[in-house]
Every structure is written in C-alpha cells, then in structure tokens.
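> Pasting the sequence and the predicted coordinates here, then a few questions.
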Amino acid sequence: MKKVLFVFSAVAIAALTACGPSAEELAEKEKMRADSIAAAQAMEQAKMDSIAAAEAMEQARMDSIAAAEAMAAEAMANAPKGGSKPKAPAAPKEEPKPAREGVNQGGSSTPSSREGTNNSGDNKSGTAKPDPSKRGGLNNSPK
C-alpha cells in the first residue's frame, strides 16, 4: 500500500507542476508589467510637461502685466502737468459748395435749354475757351 500511496503522491505533484505557468507565460507577464511601468512613467512625464507649460503661461502673463505697468508709468511721467486731458483735434467741417453758374442741378455740365446758346465769348457754361485774338498774353502785337 505504501507503493500505491507513493505513486499517487508523485502523480499529484507532477500534475500540479505541469498546471503552472510556462516560461512563455512568465515572459509575457513580465513584459506586461514593464509596459505598465512605462505607461505610468509617460503619464508622469506628461503631467510634468503640463505643469511646466502652465508655469510658462503664467510667467508670460506676469511679464505682460509688468510691461503694461511700465508703459503706463512712462506715459504718466511724460504726460503734461496741467492735469487736463489732451483735446482731440476737431474734424474740419465741410462747407457746401455753391452751384456753378450755367450748370443744371441735375448734374449735367451743359447749359440748360432756357439759357440758350451764346457764342459771344462770355462763356456761361463754366469752361474757359481761349480767344484766338488774345494770344500772347499782355502783349498783343505780332512778333
């Protein structure tokens, strides 16, 4: 009976050993553990990068505030001592232009039909036509 009991216990021990994880399973488990550690380190690095970026933005904001305060202080130092605000220049007002003589109010540059046609030299249409008899300016004598 001792022999049977010994054989039975040897088979049970062999069965328990055979049911354990193989070398491939152990290697895969170790790889998963290493990947998990790498992912945790990557997350920690991303967190540190985010904190650094937030600190850089805060520093840029503080620099901007300091620059604005410096500009305001410089403007106050260069401001006139009268205590009054500088007045903005007033925009020039355009005066309405009088209507030209001989021009229709409708925008036409030709004389109206009521005025008639006048070829006598007193040009009422507003455009100057040179008089051929008055060439040469002040001196009308031929050269």
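That came through, no problem.
> E69 and A75: what is the separation?
11 Å (Cβ to Cβ, to the nearest Å). C-beta coordinates here come from the backbone N, C-alpha and C atoms, glycine included.
> got any residues that touch both of those two?
Counting by Cβ atoms under 8 Å, 6 or more residues apart in numbering, E69 and A75 have no common neighbour.
> what about E28, neighbour count?
Using other Cβ atoms under 10 Å, E28 has 12 other residues around it.
> Next: Q45.
With other Cβ under 10 Å as criterion, Q45 counts 10.
> repeat for K2
Counted with other Cβ under 10 Å, K2 comes out at 6.
> phi, psi of it?
phi -60, psi -40 (degrees, to the nearest 10).
> Can you read off the pLDDT for it?
pLDDT for K2: 83.
> likewise A79?
You'll see A79 listed with a pLDDT of 79.
> same check, this time on N118
52.
> Which helix in this structure has the most residues?
helix 23-78 (DSSP state H).
> As CSV, could you dump the C-alpha coordinates of stretch 42-55?
This file holds the C-alpha atoms of stretch 42-55, laid out as CSV (Å, rounded to 0.1, in the frame of the first residue of the first chain):
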residue,chain,number,x,y,z
ALA,A,42,4.9,58.5,-19.6
MET,A,43,1.8,59.8,-17.8
GLU,A,44,4.0,61.3,-15.0
GLN,A,45,6.2,63.0,-17.7
ALA,A,46,3.1,64.4,-19.5
LYS,A,47,1.9,65.7,-16.1
MET,A,48,5.3,67.4,-15.5
ASP,A,49,5.2,68.9,-19.0
SER,A,50,1.7,70.2,-18.5
ILE,A,51,2.8,71.9,-15.2
ALA,A,52,5.8,73.4,-16.9
ALA,A,53,3.6,74.8,-19.8
ALA,A,54,1.2,76.3,-17.2
GLU,A,55,4.0,77.9,-15.4
